[in-house]
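Visitor: sequence? don't have it. structure:
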C-alpha cells in the first residue's frame, strides 16, 4: 500500500488509493459515503487496527499485556474488534464498562479508572467483578460498602499519582497536585486498609501522561514507575496481580512530528518485565488508546461552498468542530496546528492552492485546516482529516449549535 505523503506531516500509511480517491482496501471514499448515507462521518479501518496491534506485539516482549483504553474511542463495533486482539480493556465510566462486558471480555481483564466515580458506578463495577482502580480513600469506602451489601469481594487496585512527571507529554496526568490517583505517599496506608478488610490488593496503576513522541521520556517514566511499584510492593502482605504502567504513546498529528520509535521501548520493557516477575511475580500491563486507533480513523465531510474573501479561499463544509474538536485546535492545543488533511476524491491532483477548510458553525473557532496547500476543491468534493480514530466524535461537542451529528462506521 502506497502511503499518502505530505510536505510537512508524517506519511499516512493506513489507507490506500483507488482511482485517485482515498480508499479503505478496495473501497473508494465516494462509494463509502454513499454506503454510509451521507456526510459527515468517521470511518475506522479494521485492517489498519489489526496491523497496528500486530506491529506493537512484535515490538514488545510476549509477557507484557496490552489493554485498550476505551476513552480513546468507545464505538461498540470497534471495541468488539479490539477485544479479540488485546488482553484487556480499560474503561472510565459505567457505560464504557457495559460496552466492554458486552464485548465478551472477562471482568477480571477490565480495569475501571477515573477520579469521579459515583456510588452507583462503583456498585455496578463491584457487582460485575471488574478491577476498580481507586483514586481516593472515599472511593475505597464506597467499594467496601458495596461489596458488603452485595456479598461480593471487590477487586481493588490503586491508581498512584507519582511524584515524577512524564516529560514531553502532551497532557500530564501525574506528578504534583492532581485530581488523578492517590498521592504516592498515601498509597501504603490505603493498601493497608484494603488488606485489613480481608482483601488482596489486585494491582497498582501508574499513568503519568499521554501523547508522547519521545521514546526516551517514556522509557524513563516506565523505569521510574517500576521502581515506585517495587517500593510500594515491599509493604504489601499479599503482593499484586499486575502492574499497569499506563500508556502515553503518541502519534504524529502535526507538521514536523514523526512517529514514536518502539524499539527502545520494547528493549526497556523486556528488562523491566523480568524484574517485575522476579520481585513481584506480576506481569506488566500497557494501557494504550490513541496509539492503537488514531491512525486507523478518518473524518470525512463534504464541501458545501467555495468562497473567496479578500484573496483567501475558504472551503465551507458540512462538518466541523462540533464533530471533531481536536482537529479544530480546541482540544488542548495552545497554538493551533493543522492535522493532515486532503481532498479525498482528488488525491491525484496537485496540492497547489492554499485553502482554509471551515465548518458550518457561526464561530471563528470552526476551522479544520488553516491556509493549507490542498488540491483545488469545488462544492461536492470530500475533505478527509487523517489520524482521527481517537478523541474524535466522542470527545466533541456534538450538540453545539444544534447541527446534525456525524455518523460512524467500521470498514
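Guide: Nice, thanks for sending it over. Worth saying up front: this structure is predicted, and the values here are computed from it rather than measured.
Visitor: which strands and helices sit next to the host helix or strand of residue 132?
Guide: If you go by DSSP states H and E, residue 132 is part of strand 131-134. Under the contact criterion of 3 or more Cβ pairs under 8 Å, 6 or more residues apart in numbering; DSSP states H and E, strand 131-134 touches strand 110-112, helix 119-128, helix 137-150, strand 155-161, strand 203-206. Where you see a C-beta, it was placed from the backbone N, CA and C, and this is true even at glycine.
Visitor: which one of the ones you listed is the most hemmed in?
Guide: For the helices and strands packed on strand 131-134, the largest average neighbour count (mean count of other Cβ atoms under 10 Å) is found in strand 110-112, namely a mean of 27.
Visitor: Centre of the chain to it, how far?
Guide: 15 Å (Cα atoms, centre = their mean, to the nearest Å).
Visitor: what lines up beside that strand in the sheet?
Guide: Sheet partners assigned to strand 110-112 using DSSP bridges are listed as strand 88-91 (parallel), strand 131-134 (parallel).
Visitor: Can you report the mean pLDDT over the residues of it?
Guide: Strand 110-112 shows a mean pLDDT of 98.
Visitor: Show me the helices in this protein, by range?
Guide: 29-36, 46-59, 76-83, 94-102, 119-128, 137-150, 187-196, 215-233, 262-280, 290-293 (DSSP state H).
Visitor: ok so, going back, figure out which of the strands paired with strand 110-112 is closest to residue 374.
Guide: strand 88-91 (37.4 Å; Cβ to Cβ).
Visitor: Determine the longest strand present in the chain.
Guide: Longest strand of the chain, by residue count under DSSP state E: strand 297-309.
Visitor: What are the buried residues along that one?
Guide: 297, 298, 299, 300, 301, 302, 303, 304 (16 or more other Cβ atoms under 10 Å).
Visitor: Quick one: end-to-end length of stretch 90-108, please.
Guide: 11 Å (Cα to Cα, to the nearest Å).
Visitor: can you check stretch 299-319 too?
Guide: Note: stretch 299-319 ends 9 Å apart using Cα to Cα.
Visitor: quick thing: my sequence starts at 45, can you match it?
Guide: Will do, 45 is the new start, and the previous item becomes stretch 343-363.
Visitor: what about that stretch, distance to the chain center?
Guide: That offset, for stretch 343-363, works out to 29 Å (Cα atoms, centre = their mean).
Visitor: Also stretch 132-144?
Guide: 13 Å.
Visitor: Show me where the stretch 345-455 of the chain has its strands.
Guide: 356-361, 385-387, 397-402, 411-418, 426-429, 451-454 (DSSP state E, counting those that start in this stretch).
Visitor: Out of the ones you listed, which gets nearest to residue 152?
Guide: Of all those, strand 451-454 comes closest under Cβ to Cβ, at 26.6 Å.
Visitor: strands paired with the closest one, and their directions?
Guide: Strand 451-454 is paired, per DSSP bridges, with strand 85-88 (parallel).
Visitor: So for the partner strand, mean pLDDT?
Guide: 98.
Visitor: The closest residue to residue 397 other than its chain neighbours: neighbour count?
Guide: Nearest non-adjacent residue to residue 397, counting by Cβ to Cβ, 6 or more residues apart in numbering: residue 420, 4.6 Å away. A count of nearby residues for residue 420, using other Cβ atoms under 10 Å, gives 16.
Visitor: Next: residue 389.
Guide: Counted with other Cβ under 10 Å, residue 389 comes out at 24.
Visitor: Now do the same contact list for it.
Guide: 64, 65, 66, 72, 73, 74, 425, 426 (Cβ atoms under 8 Å, 6 or more residues apart in numbering).
Visitor: State the distance from the residue sitting furthest away from the middle of the chain to residue 240.
Guide: The outermost residue of the chain relative to its centre, with distances by Cα atoms, centre = their mean, is residue 354 at 39.6 Å. Applying Cβ to Cβ, to the nearest Å, the value for residue 354 to residue 240 is 71 Å.
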